[in-house]
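In: pasting a predicted model and its sequence here:
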Amino acid sequence: MTQFTHKGSTVFDSEFERSLFDLRKSKLEEIEKLGQPAYPNQFPASHTVPEVRAKWGEATAEALEASRVTVAVAGRIMAIRGQGKAGFATLQQNGERLQIYVRLDAVGEQDFALYKLLDLGDHIGVSGYLFRTRTGELTIHVERLTFLAKAMLALPEKFHGLADVELRYRQRYVDLFTNLDAREVFVKRAKILKALRQFFDERGYLEVETPMMQQIPGGAAARPFTTHHNALDLDLFLRIAPELYLKRLVVGGFDRVYEINRNFRNEGVSTQHNPEFTMLEFYQAYANYHDLMTLTEELIAFVAQEVNGTTITNFGGVEIDLSKWTRLTMREAIIKFWPAQVADPPSWTSFADRQEFITCLRNALNKINPIVDERFEEWVRGGQKPDKDFRVTEHVIFEDSDLAELRIALAFIVGMMEAGKVTLGSAIAHLFETVSERHLIQPTIIYEFPTAVSPLSKQKPDDPEWVERFEFFCGGFELGNAFSELNDPVEQHKRFAQQLAERDRGDDEAHQMDEDYVRALAYGLPPTAGEGIGVDRLVMLLTGSKSIRDVILFPLMRPEKQLP
RNA sequence: GAGCUCGUAGCUCAGUAGGUAGAGCAACGCCCUUUUAAGGCGUGGGUCCUGGGUUCGAGCCCCAGCGAGCUCACCA
């Protein structure tokens, strides 16, 4: 404890805090002199604050006076108001508040001396009887006061709470008891997890846990984190997805499995990405992607109803009805959201012909801006990413920034294709993301994906260039991804080999070869459909949180200070 | 990784035209036995994110760095 007060300690931010800490320590000594331990180890409460509110929240002053209800309650002091030889304080417990009234002639000299030594943030226990004040507030008329623990640091400003976003994330423990809205998000998050489990448990799915440390990080296109096992002298990767293990379990005879756990992807952070995030994945034998579309619609509506009591959620000022879904193929979605007033969309046949697709996009580029720009052309030919000057210039030229974005994206796609750096399939997927994704505010299922970007999905029987896969979107971002699982070991081996070729071309997120997974398939995977849902994003949607960091208790932050 | 914005007391925020820093809450002392963003009187509290530069003089202007938010990129 003495270490705390040394200068240079990381605990204190200032001289103010250090002196406050010392002051609180001397108050603790005073409290001990009153016969109360500084750090007692229990308090026998008769009710929690929420229980008191639930039971007597509506009781009238007369009823309380007649029955003289006695309670013992513990909580943290969130407001304290002296009143000479009496005083009020507000206790908070489990996110709810209850006022207490302490007066000298009711508690006696000793307990009143204790009351005077209390500070904001302290934990206390009280016993007494319920009554209503003149203004009608339910209050405990305290008869005995028990000290429980001291706050040695100053609480944030009581009216605004902790407002600094950075501090809220870094010191979530303060955020949670000062901003009850923040607390509510995480209570709701727990309810969402519970509802998800209920949904799958009721349908005969088995909850399982598969390795987070993997030797071959597979099941998604992402860069992994690396780690090392000392005793085995083995490099390992934190998983980017549980997918390949869950399908091994289906091979093993668990027809319906689900896992809710963390994935780790070594990528940037944004309002929709945190390097570690929670993923729900589930697999169902004897089903295909159409079955999962229906299941997904039921699941999302069910969870919303369980958690919010309604399927309507408000996100970014827009009302989203999670019971009303639209289904579009990827190709339909590109054409639907294409700015047709400016240029013709890609023709249907161009989706199957690389050269025709390039020609279509070239034509569109020329219509969007017929002015020849040397730098632009050079850039298109090179298939390079835009530099900042270029982007800024584009924004000046185009009044409509969406069009400017579209032009850049088209140029990038055309450039990459002409340079032979990208397949037709991934160009189409890229075009979809550029043109359509931001418009998918209301619940939408996008199905039929290019085979080239779906190394683990089963092809459409009548068209091997496309797979039985869908993603679903709400609020303008992707929530989940599902497909009929590829269960032909020969085809799977071929796809992995193609991914290896992509890797050789410089795509370090292309899938790696997993021989054991192919072997598992060789034992026979029944026809199976599987799906992954980003739980954090689902929580965002159902709590109206615009940033993923608002639904993750301790989001990743850069270190605040240089560590010695 | 890029652009924009922000960083002032423990917290929430002002800070004019470049003239050496303020309020409320919190803290400390006193008064107050039904208050509730209690109130009244008084007191203390600052590396103005860090380091340079311009200037007679910088919280303010310039450069670099650190941290954060948003947007984009990466990425589902």
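Out: Okay, I see it.

In: which helix is the longest one in chain A?
Out: In chain A, taking DSSP state H as the definition, the longest helix is helix A:180-202.

In: so what's residue A:73 bridging to?
Out: Here residue A:73 sits in beta bridges with residue A:126, going by DSSP bridges.

In: can you pull the pLDDT of residue A:403?
Out: According to the prediction, residue A:403 has pLDDT 69.

In: ok so, going back, which strands and helices lie in contact with the longest helix of chain A?
Out: helix A:172-178, strand A:206-207, strand A:256-264, helix A:289-308, helix A:535-543 (3 or more C-beta pairs under 8 Å, 6 or more residues apart in numbering; DSSP states H and E). C-beta: built from backbone N, CA, C; applies to glycine.

In: helices or strands up against the helix or strand that the fourth one is followed by?
Out: Past helix A:289-308, heading to the C-terminal end, the next element that is a helix or strand (DSSP states H and E) is strand A:312-315. Helices and strands touching strand A:312-315, as assessed by 3+ C-beta pairs under 8 Å, 6+ apart, comprise strand A:318-321, helix A:535-543.

In: flag every buried residue along the first one.
Out: Translated: strand A:318-321. For strand A:318-321, the neighbour count (16 or more other C-beta atoms under 10 Å) marks residue A:320 as buried.

In: that one near RNA strand B anywhere?
Out: No. Using C-beta under 7 Å from any atom of the strand, we find that strand A:318-321 stays clear of RNA strand B, coming within 13.9 Å at best.

In: quick one: that strand to chain centroid distance?
Out: The chain centroid and the centroid of strand A:318-321 are separated by 19 Å under C-alpha atoms, centre = their mean, to the nearest Å.

In: other SSEs contacting that strand?
Out: strand A:312-315.

In: and the strand it packs on, does that touch RNA strand B?
Out: No. Strand A:312-315 lies out of reach of RNA strand B by C-beta under 7 Å from any atom of the strand, never closer than 12.4 Å.

In: what comes up buried for that strand?
Out: A:313, A:315.

In: so where is chain A shaky, pLDDT-wise?
Out: Confidence mapping of chain A against pLDDT under 70 gives the ranges A:1-11, A:369-404, A:561-564.

In: ok and the residue in it nearest RNA strand B?
Out: Residue nearest to RNA strand B within chain A: residue A:84 (1.9 Å; C-beta to the nearest atom of the strand).

In: burial measure for that residue, as a count.
Out: Look at residue A:84: counted by other C-beta atoms under 10 Å, it has 7 neighbours.

In: and it, that one's in a strand?
Out: No. Assignment of residue A:84 by DSSP: H, G, I helix; E, B strand; the rest coil gives coil, placing it outside any strand.

In: that one and residue A:133: what is the separation?
Out: 16 Å (C-beta to C-beta, to the nearest Å).

In: same thing with residue A:99?
Out: Applying C-beta to C-beta, the value for residue A:99 to residue A:133 is 8 Å.

In: what do the two both touch?
Out: residue A:139 (C-beta atoms under 8 Å, 6 or more residues apart in numbering).

In: mind checking the backbone torsions on the residue of chain A positioned farthest from its centre?
Out: Distance from the C-alpha centroid of chain A, by C-alpha atoms, centre = their mean, peaks at residue A:105 (52.0 Å). Torsion angles at residue A:105 (phi, psi; degrees, to the nearest 10) stand at phi -70, psi -10.

In: who are the contact partners of it?
Out: Residue A:105 makes contacts with residue A:85, as judged by C-beta under 8 Å, 6+ apart.

In: give me that answer again for 10 Å
Out: A:85, A:86, A:112 (C-beta atoms under 10 Å, 6 or more residues apart in numbering).

In: and the last one, which of the three is it?
Out: Okay, so that is residue A:112. helix.

In: so it sits against residue A:86, correct?
Out: Yes. Counting by C-beta atoms under 10 Å, residue A:112 does reach residue A:86; the two are 8.7 Å apart.

In: overlap in contacts, the two.
Out: Counting by C-beta under 10 Å, 6+ apart, the common neighbours of residue A:112 and residue A:86 are A:102, A:103, A:104, A:105, A:106.

In: which among the residues you listed count as buried?
Out: Using 16+ other C-beta under 10 Å, the buried ones in those are A:102, A:103, A:104, A:106.

In: just the residues you listed: which are in strands?
Out: Counting by DSSP state E, those place A:102, A:103 in strands.

In: turn the buried ones among the shared contacts of residue A:112 and residue A:86 into JSON lines, including distance to RNA strand B.
Out: Listed next are these as JSON lines, based on distance: C-beta to the nearest atom of the strand, whole Å:
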{"residue": "A:102", "distance to RNA strand B": "9"}
{"residue": "A:103", "distance to RNA strand B": "4"}
{"residue": "A:104", "distance to RNA strand B": "5"}
{"residue": "A:106", "distance to RNA strand B": "7"}
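
In: which two among the buried ones among the shared contacts of residue A:112 and residue A:86 are spaced furthest apart?
Out: A:102 and A:104 (8.2 Å; C-beta to C-beta).
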